[in-house]
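Undergrad: Turn this into a structure:
(chains A and B)
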Amino acid sequence: MLFVGRYPRPIWLSPAALRDDPLAAQLVWNLRLPRLLAALLVGAALSASGFTLQMLFRNPLVEPGFLGVSQGAAFGAALSILYISRSALGIQATATVCALAGLALTYFLAQQLRYSGWILRMVLAGIAVSALFSAGVGMLKYLADPLTQLPEIIFWLLGGLWSTRWQNFLLILPLSLVSLTVLFLARWRLNVLVLEEETAFSLGAAPSRERLVLLLASVSATAAVVSLAGTVGWVGLVVPHLARQFFGADARHALPSSLPLGSLFILLCDTLARTLSSGEIPLGILTSLFGTAGFLLLMTQRRIGVEQ
Amino acid sequence: MTPEPVLSVRDVWFSYPNGRSPVLQDISFDVFSGTINAILGPNGAGKSALLHLILGFYVPQRGEIYLAGRPLRAYSRQNLSRWIGLVPQREHTPFSYTVLDYVLLGRTLHLGFLQMPRPEDVRAAQAALERLGIASLAHRHVTNLSGGESQLVLIARAVAQETPILLLDEPTAHLDLSNQQRILTLLRDLAGQGITILFTTHDPSAALAVADRFILLRGGRILHQGPAAELTAEQLTQTYGTPLQMLSVDGRRVVLLEIPGR
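TA: Numbering: from 1, shown residues only, chains lettered A, B, ... in the order given. The predicted model follows:
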């Protein structure tokens, strides 16, 4: 993938050019390599996060776009572009803070709701909080300078890795790696937390506390990669199902296998995003395209059980 | 001399965190080791709440529950799960686990937060399946089981937990007669192996078939309790608020609904 692109001619850059053409070397080492690594990380983090959220909410139709996490991060990024800082650090920091604020708001709202069970309350609160942040982003778009700020916000909302450099990749690396490690290590426990609260308790787990730890880990992973790549949808929904298809429902095997599957998915989408046309196709559009197609395929073949 | 009860519920009052009116009032009873105890009562009588209190999942506002002579609240969460296992009424999972992986969840208390099940846990899960005679289901998916098979798998999970006390929430509900027979026989076998059993049920005949003692709940209060041999039609009629008859067939008792005009 490192050698696929549109320089110096479409599709393929010969490895020999790395030695002869300083511009090609510069391009590969400083642009394409960090971008490739970022694609792997984004795919792994969104898949693991989606996998975890589906299990914690006992709901196969959940992904990080729920809970106000992705929309919170998007709002934070737009806010930063407009009013705080257009630097990578500024955007990422604000996005992470707003993603966590989105989760906290969802959590708080879910506690206040007087309707049905905890899981449904949390999903409902998540939808409301997501809508709130989306409305906020809509307002910011009207306030943005249509020539300089607006294109940046919009491209960012559609998702893309075009702006990835070593600096911002390394910036999100620690948080995403720590979060992924927590999810990976606690993956068997995730199976227990799928069960009803009383049952998980009777088996010796501390369901509320353990759920919160895993929820925080998956939200941090999402916020970190969303702050780099924008809102990249459908990966967190479809890849976990693919992993379960191949490796069974037990998170011991399915969660680790969802990591490379997600990485591969984003890597392929991002390679297409930067090579299909002379301009750049937003990554989020391609993941939605392939994600919905895959999702519909799984749904119509009844590979996803949604009855409760 | 009567033996010490393994579980002792004393003057317990309870209402749910969000609820105003108490779900259970003035509840007191004893449970002895290796016995089968049936909790009967109409819908909303507080049967499930009572199970969740004994589990330690909720704490009563008043009164105390003693487990092996010590107050329940003195036990740590993990220690409680060594004592008491739960077989929930029905469990829906949208994910298609294999039966063996599902029963393996019964080993949770033996494992730390980040620990994976060990070979001995897999062996314990397999042993639980064998003990219940469902080893052949091990590699089936839990999403493709019949009602009776699902119930057996849930019991197997609690058996794999290896607790001396088992709570079962309506274990025979939604089951056909042969599966009811299978589950009730299993409860008898488990009690024969020294496991103390408490189960809720809507079916007095099922309770009479296996239980040693009964507890009749109505409106969150205990109306009657005692040895199963002393259960009367009048007590059941009072509990369910509908006329019931009790017949004795070959020394075994069954409960009949009275349908007016028949």
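
Undergrad: For residue 159, the count of nearby residues, please.
TA: No chain specified, so I'll use chain A. 27 (other C-beta atoms under 10 Å in any protein chain shown). Bear in mind the C-beta positions are built from the backbone N, C-alpha and C, glycine included.

Undergrad: if you could check chain B rather than the one you did, that'd help
TA: 26.

Undergrad: Run through the residues that contact it.
TA: Taking C-beta atoms under 8 Å, 6 or more residues apart in numbering or on different chains, we find B:Val159 in contact with B:Gly85, B:Gly106, B:Ala128, B:Arg131, B:Leu132, B:Leu166, B:Leu190.

Undergrad: Go through the residues you listed and flag which are in helices.
TA: B:Ala128, B:Arg131, B:Leu190 (DSSP state H).

Undergrad: can you give me how far stretch A:189-207 is from the chain middle?
TA: 26 Å (C-alpha atoms, centre = their mean, to the nearest Å).

Undergrad: What residues of that stretch count as buried?
TA: A:189-205, A:207 (16 or more other C-beta atoms under 10 Å in any protein chain shown).

Undergrad: what sits against the residue nearest to the spatial centre of chain A?
TA: The centroid of chain A falls nearest to A:Leu46 when counting by C-alpha atoms, centre = their mean (3.7 Å). By C-beta under 8 Å, 6+ apart, the contact list for A:Leu46 reads A:Glu63, A:Pro64, A:Ala221, A:Thr222, A:Val225, A:Val232, A:Val235, A:Gly236, A:Val239, A:Gly262, A:Ile266.

Undergrad: By neighbour count, which of the ones in helices among the contacts of B:Val159 wins?
TA: B:Ala128 (25 neighbours).

Undergrad: Name the nearest residue to that residue, ignoring sequence neighbours.
TA: Once flanking residues are discounted, B:Ala128 sits nearest to B:Ala160: 3.8 Å by C-beta to C-beta, 6 or more residues apart in numbering or on different chains.

Undergrad: was I right about the one you found contacting B:Ala124?
TA: Yes - between B:Ala160 and B:Ala124 there is a contact at 5.3 Å, judged by C-beta atoms under 8 Å.

Undergrad: Show me which of these two is the more surrounded one.
TA: Taking neighbours as other C-beta under 10 Å, B:Ala160 and B:Ala124 compare with B:Ala160 leading, 29 against 21.

Undergrad: That one and B:Gly261: what is the separation?
TA: When distance is defined by C-beta to C-beta, to the nearest Å, B:Ala160 is 50 Å away from B:Gly261.

Undergrad: Now do the shared contacts for B:Ala160 and B:Ala124.
TA: Joint contacts of B:Ala160 and B:Ala124 (C-beta under 8 Å, 6+ apart) are B:Gly106, B:Arg107.

Undergrad: Stretch A:235-243: how far from the chain's middle?
TA: With C-alpha atoms, centre = their mean, you get 12 Å for stretch A:235-243.

Undergrad: which residues touch it?
TA: A:42-43, A:46-47, A:49-51, A:53-54, A:60-65, A:222, A:254-255, A:257-258, A:261-262, A:265-266, A:287, A:291, A:294-295, A:298, A:303-304.

Undergrad: Neighbours of the residue nearest to B:Arg90 when sequence neighbours are not counted, how many?
TA: Distances taken as C-beta to C-beta, 6+ apart place B:His174 nearest to B:Arg90, at 7.1 Å, with adjacent residues excluded. B:His174 sits with 13 neighbouring residues when counted by other C-beta under 10 Å.

Undergrad: residue ranges of the strands in chain B, please?
TA: Secondary structure of chain B (DSSP state E): strands at B:7-14, B:24-31, B:36-40, B:62-67, B:70-71, B:84-87, B:165-169, B:196-201, B:213-218, B:221-227, B:244-249, B:252-257.

Undergrad: could these be laid out in TSV, adding distance to chain A, mean neighbour count and mean pLDDT?
TA: Below are the strands of chain B laid out as TSV (distance: least, C-beta to the nearest C-beta, whole Å; neighbours: other C-beta atoms under 10 Å in any protein chain shown; pLDDT from 0 to 100):
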stretch	distance to chain A	mean neighbour count	mean pLDDT
strand B:7-14	14	19	96
strand B:24-31	16	19	96
strand B:36-40	16	27	97
strand B:62-67	14	18	96
strand B:70-71	18	11	96
strand B:84-87	4	26	97
strand B:165-169	8	24	97
strand B:196-201	13	24	96
strand B:213-218	19	23	96
strand B:221-227	22	17	95
strand B:244-249	31	12	89
strand B:252-257	29	14	87
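
Undergrad: related to what we said a few turns ago, in terms of distance to chain A, which of the ones in helices among the contacts of B:Val159 ranks first?
TA: B:Ala128 (13.4 Å; C-beta to the nearest C-beta).

Undergrad: quick one: A:His253 and A:Phe246 touch, right?
TA: No - A:His253 lies out of contact with A:Phe246 (C-beta under 8 Å); the separation is 9.1 Å.

Undergrad: Have a look at the two and say which one is more surrounded.
TA: Legend: neighbour count by other C-beta under 10 Å for A:His253 and A:Phe246, higher for A:His253 (16 against 12).

Undergrad: Spit out the contact partners of the residue nearest to the more buried one when sequence neighbours are not counted.
TA: Closest residue to A:His253 apart from its sequence neighbours, by C-beta to C-beta, 6+ apart: A:Phe247 at 4.4 Å. Contact analysis of A:Phe247 by C-beta under 8 Å, 6+ apart lists A:His253, A:Ala254, A:Ser257.

Undergrad: cutoff 10 Å now
TA: A:His253, A:Ala254, A:Leu255, A:Pro256, A:Ser257, A:Ser258, A:Leu261 (C-beta atoms under 10 Å, 6 or more residues apart in numbering or on different chains).

Undergrad: The residues you listed in helices, which ones?
TA: A:His253, A:Ala254, A:Leu255, A:Pro256, A:Ser257, A:Ser258, A:Leu261.

Undergrad: so how many other residues sit close to the fourth one?
TA: Right, A:Pro256. Neighbours around A:Pro256, by other C-beta under 10 Å: 16.

Undergrad: can you tell me how far A:His253 sits from A:Ala45?
TA: For A:His253, the distance to A:Ala45 - C-beta to C-beta - is 19 Å.

Undergrad: A:Gly233 now?
TA: Where A:Ala45 is concerned, A:Gly233 sits at a distance of 14 Å (C-beta to C-beta).

Undergrad: cool, B:Ala125 as well?
TA: B:Ala125 is 32 Å from A:Ala45, by C-beta to C-beta.

Undergrad: Repeat that for B:Leu231.
TA: Distance from B:Leu231 to A:Ala45, by C-beta to C-beta: 60 Å.

Undergrad: Neighbour count: those two, which is higher?
TA: Higher neighbour count among B:Leu231 and A:Ala45: A:Ala45, with 34 against 24, using other C-beta under 10 Å.

Undergrad: who touches A:Gly284 in this structure?
TA: Taking C-beta under 10 Å, 6+ apart as the definition, contacts of A:Gly284 comprise A:155-160, A:229-235, A:269, A:273, A:291.

Undergrad: And those, which is closest to A:Leu27?
TA: Set against A:Leu27, the nearest of these by C-beta to C-beta is A:Ala273 (16.4 Å).

Undergrad: so what's residue 64 up against?
TA: Looking at chain A here, since you left the chain open. Contacts of A:Pro64 by C-beta under 10 Å, 6+ apart are A:45-47, A:49-50, A:52-53, A:70-71, A:73, A:99, A:218-219, A:221-223, A:225-226, A:231-233, A:235-237.

Undergrad: hm, I was asking about chain B
TA: B:Ser8, B:Val9, B:Arg10, B:Asp11, B:Val12, B:Pro71, B:Leu72, B:Arg73, B:Ala74.
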